[in-house]
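A.B. asks: here you go, sequence then predicted model.
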Amino acid sequence: MLAVDDLLDRVREDGGGDAVALRFLPALDRLLHSLDTEAGLHAEGRAAARSALVAALLKQQQMIRLLRDRPEIALNDIRAPIFVTGLPGSGAAMLHNALAEHPGLDAPTLAELHDPAGRPTTIRRRRAAIERAGSVARDTALATAGRGSGLLIGATRPGGCHRLLGNAFHGMAATLSWRVPGYASWLETADTTEAYAFHRAQLQALTWRVPASRLVLRDSFHARHLQQLLRVYPDAKVVQVHRDPADTVTACAGIATALRGRTTRQVRPAGQEWADRVERHLVAAERARLDVPRGRLLDLRFDDLVADPAGQVRAVLAFAGVTATPMFDRVVATFVAGTAREARRARPFQPAEFGLSRRELHSRYAVYRTRYGV
């Protein structure tokens, strides 16, 4: 069985010290139980899951030691960050990457988020850190190659900050990698405030090491946790990208099927699982936004972002109080056009591949589609 104590023993061996200070172990235990009883992992898949979770514990241990040794990191201010959210396939990653081109905004790269407490002291060590992140990026992108997903994954590209939540075992991204419905059900109702506090501590460490201007960050599932996010980042601005759920559900099902195929004995159909999960997510997101202060949340549509990228990004910058420039408009338009062209060359996931009907999905999400015009 996958057990917390076994993972902690491995951390003690690999981390060169005691693991008693590690946090979020009840969440890890829930995830391990789901992996043991629900995920259907084969031997290599179990080994891969164990390695991934030990790596998260080691990063957590490294962060705790760094914060203990350098208490000034806690004084490092994360001022008015911009959070981009939107389900996989919504265009949130494209918007995030476009915003990262602005000289006044900084988007931590996948390599930086992959090792938030790391302090490479030489060029060789920095290159090694980038290569480690590059291996993760290639492995992830390869799983959905040719299907229009993962086009913007790269070690030196803006990364998703779900990796920071994952180090606290509160990341919904785990439900894409593994079939863990029990863990997912718990996480959907869990209080994520402390996980977001650790998310912030990791960003403080990262920007203490590499000073940054205003941060722009992204996670597909922030929308359902807006209250906890804004509790930890009280001056944050949030941009939510909306797309037809028939497209985002099939993107989630396709990504999950591809990722799980590497670790499980038999991949179960993921279509209905993600149709149900996305419905719950959208309901929770609507509930969460009721208490968001006025002027803190901006809604964008995928179709508008593709049709008028410069105009939509300008709207985001105005919402965030950032000045746009004509040169930046051209950069954004060129970037989005190139990304959309690559996506059109791919073969997108279709509902029928996962036992779903686009017509039925349109009916199921009719209220959401009407509300946001998707």
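C.D. replies: Yep, it's here.
A.B. asks: quick one, strands of the stretch 101-250 of the chain?
C.D. replies: 105-106, 214-218, 237-242 (DSSP state E, counting those that start in this stretch).
A.B. asks: for the stretch 51-200 of the chain, which segments count as helices?
C.D. replies: 92-99, 110-114, 123-143, 162-166, 174-177, 181-189, 193-209 (DSSP state H, counting those that start in this stretch).
A.B. asks: and the ones you listed, which one's lowest on average pLDDT?
C.D. replies: Mean pLDDT values for those show the minimum at helix 123-143, a mean of 81.
A.B. asks: residues in contact with that one?
C.D. replies: 109-111, 114-115, 118, 120, 150-151, 153-157, 159, 255, 258-259, 261-262 (Cβ atoms under 8 Å, 6 or more residues apart in numbering). In short, each C-beta sits where N, CA and C put it, glycine included.
A.B. asks: again with stretch 242-253
C.D. replies: 86-91, 149, 176, 270-271, 273-275, 277-278, 282, 299-303, 348-351, 353-354, 356, 358, 361-362, 364-365, 368-369, 372, 374.
A.B. asks: how far is that stretch from where the chain is centred?
C.D. replies: Chain-centre distance of stretch 242-253: 16 Å, with Cα atoms, centre = their mean, to the nearest Å.
A.B. asks: run a quick neighbour tally on residue 2.
C.D. replies: Using other Cβ atoms under 10 Å, residue 2 is surrounded by 20 other residues.
A.B. asks: what's the closest non-adjacent residue to it?
C.D. replies: Nearest non-adjacent residue to residue 2, counting by Cβ to Cβ, 6 or more residues apart in numbering: residue 32, 4.4 Å away.
A.B. asks: how close does that neighbour sit to residue 40?
C.D. replies: 15 Å (Cβ to Cβ, to the nearest Å).
A.B. asks: ok, now residue 244?
C.D. replies: Following Cβ to Cβ, the distance that separates residue 244 from residue 40 is 31 Å.
A.B. asks: these two - which one has more neighbours?
C.D. replies: When neighbours are counted by other Cβ under 10 Å, residue 244 and residue 40 differ, and residue 244 comes out ahead with 21 against 16.
A.B. asks: if we can go back for a sec, which one of the helices of the stretch 51-200 of the chain lies closest to residue 321?
C.D. replies: Nearest to residue 321, of all the helices of the stretch 51-200 of the chain, is helix 92-99, at 13.3 Å by Cβ to Cβ.
A.B. asks: list the buried residues in the helix or strand of the chain at the bottom of the mean pLDDT ranking.
C.D. replies: Every helix and strand in the chain was compared by mean pLDDT, DSSP states H and E; the lowest is helix 123-143, with a mean of 81. For helix 123-143, the neighbour count (16 or more other Cβ atoms under 10 Å) marks 129, 130, 133, 134, 136, 137, 140, 143 as buried.
A.B. asks: go on, stretch 3-20?
C.D. replies: 4, 7, 8, 10, 11, 15, 19.
A.B. asks: then stretch 103-119?
C.D. replies: 105-118.
A.B. asks: from residue 89, how far off is residue 197?
C.D. replies: Counting by Cβ to Cβ - residue 197 and residue 89 are separated by 30 Å.
A.B. asks: who's more crowded, these two?
C.D. replies: Neighbour count, other Cβ under 10 Å: between residue 197 and residue 89, residue 89 has more, with 26 against 15.
A.B. asks: that older thread, what's the ChimeraX line that selects buried ones from the contacts of helix 123-143?
C.D. replies: Applying 16+ other Cβ under 10 Å to these leaves a buried subset, and the ChimeraX line that selects it is:
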select :109,110,111,114,115,118,150,151,153,154,155,157,159,255,258,259
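A.B. asks: and residue 10, how far is that from residue 116?
C.D. replies: 21 Å.
A.B. asks: was I right about residue 266 contacting residue 40?
C.D. replies: Yes: here residue 266 lies in contact with residue 40, judged by Cβ atoms under 8 Å, at a distance of 6.3 Å.
A.B. asks: where's residue 9 relative to residue 3, distance?
C.D. replies: Distance, residue 9 to residue 3, using Cβ to Cβ: 9 Å.
A.B. asks: intersection of neighbour lists for residue 266 and residue 40?
C.D. replies: Counting by Cβ under 8 Å, 6+ apart, nothing touches both residue 266 and residue 40.
A.B. asks: quick one on the thing from earlier: what would the buried residues of stretch 103-119 look like in TSV with distance to residue 248?
C.D. replies: Below are the buried residues of stretch 103-119 laid out as TSV (distance: Cβ to Cβ, whole Å):
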residue	distance to residue 248
105	25
106	27
107	22
108	24
109	25
110	22
111	27
112	27
113	23
114	25
115	30
116	28
117	33
118	33
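A.B. asks: out of those residues, which is nearest to residue 212?
C.D. replies: residue 106 (3.9 Å).
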